[in-house]
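Enquirer: Kindly generate the corresponding structure for this input.
(4 chains)
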There are 2 protein chains.
Amino acid sequence: MSPRTDRPARRSVALTENAPIFAALGDATRLRLVITLCASGALSIAQLTAGTAITRQAVTKHLEILADAGLVHDLRSGRERLWEFDPSRLDKARQALDAVSADWGRALSRLKRFVED
Amino acid sequence: MSPRTDRPARRSVALTENAPIFAALGDATRLRLVITLCASGALSIAQLTAGTAITRQAVTKHLEILADAGLVHDLRSGRERLWEFDPSRLDKARQALDAVSADWGRALSRLKRFVED
DNA sequence: ACAATATGCAACCCATAGGTTGCGTTATAG
DNA sequence: CTATAACGCAACCTATGGGTTGCATATTGT
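Expert: Alright, predicted model coming up:
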């Protein structure tokens, strides 16, 4: 067997690795945080809390969940803690979804070939 | 203002709509189910349970969560209940992630222009 | 008709997620 | 140097998530 053959099994484990990233994105508040940070650059916790219905501590918890998923990271600046978006993991997630779609396309064409026989 | 101008606010709400889809994908078991259905076509609950450490009822619950997110749908066939992948919502999620990445790219180039002044 | 297969329904259990309040600490503005 | 702004830490609360067990129901093969 060719070593570069990516069998479904191997690809499948690679994809399930991304579950924590999707879980991190699977909350409206966190998704909003990601989008805001993505559009506005580095922001402090207080800035991210302003205009929100929830508490600063809640925002902090969400940010730490996002950081555990590798989607954001923090950097201290004086008494502030600035957070900014980290694109690499999100790109991984994008590629994972692309791979699933590609699988689906291949499955469809296999089915089509089968039906045409 | 041009009506086709997609301001960040409008896009932001559109993106947070996808949170339930990411939440549905944010579990390793469900992600595996999606991948399996995507590669193998329509499968019964019993087939999806075989080879798994969890119970049939647990699989059923996961499938219904995925169905609520619009990622799969079921169809009865005799005493079996077959489940198959539904690509449209996943494509929406893909496009959402693409939009975030695009935003990030724009933010970067704005920052670059700003620094170069 | 009957045994086996595939599933549905409901109660229950425990861990965690999302959120809050209260108070202590650090840094900055005046 | 003191008030205030930004944050950390910890305890606490409640709803939900993921999973199970037990039993009832519907379909199928023989």
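
Enquirer: The residue nearest to A:Arg89 when sequence neighbours are not counted: neighbour count?
Expert: Among residues not flanking A:Arg89 along the chain, A:Gly70 sits closest, at 4.1 Å (Cβ to Cβ, 6 or more residues apart in numbering or on different chains). Heads up, the C-betas are built off the backbone N, CA and C, glycines and all. A:Gly70 has 15 neighbours, counted by other Cβ atoms under 10 Å in any protein chain shown.

Enquirer: The closest residue in space to A:Glu84 that isn't next to it in sequence: what's it in contact with?
Expert: In space, and not counting its chain neighbours, A:Glu84 is closest to A:Ala42: 4.2 Å by Cβ to Cβ, 6+ apart. Contacts for A:Ala42 were tallied using Cβ atoms under 8 Å, 6 or more residues apart in numbering or on different chains; they are A:75, A:82-84.

Enquirer: Closest one of those to DNA strand D?
Expert: Nearest to DNA strand D out of the contacts of A:Ala42 is A:Leu82 (Cβ to the nearest atom of the strand; 6.8 Å).

Enquirer: Secondary structure of that closest one: a strand, I assume?
Expert: Yes: counting by DSSP: H, G, I helix; E, B strand; the rest coil, A:Leu82 falls inside a strand.

Enquirer: what's the neighbour count on it?
Expert: 18.

Enquirer: Quickly note the distance from it to chain B.
Expert: Between A:Leu82 and chain B the distance, using Cβ to the nearest Cβ, to the nearest Å, works out to 14 Å.

Enquirer: My guess is that residue contacts A:Leu43. True?
Expert: Yes: contact status for A:Leu82 versus A:Leu43: in contact at 6.6 Å, counting by Cβ atoms under 8 Å.

Enquirer: one step back: and the residue nearest to A:Glu84, backbone torsions?
Expert: For A:Ala42, the backbone dihedrals are phi -80, psi 130 (criterion: degrees, to the nearest 10).

Enquirer: and A:Arg106, how many residues sit next to it?
Expert: 12.

Enquirer: got it, and A:Ala39?
Expert: A:Ala39: 17 neighbours (other Cβ under 10 Å).
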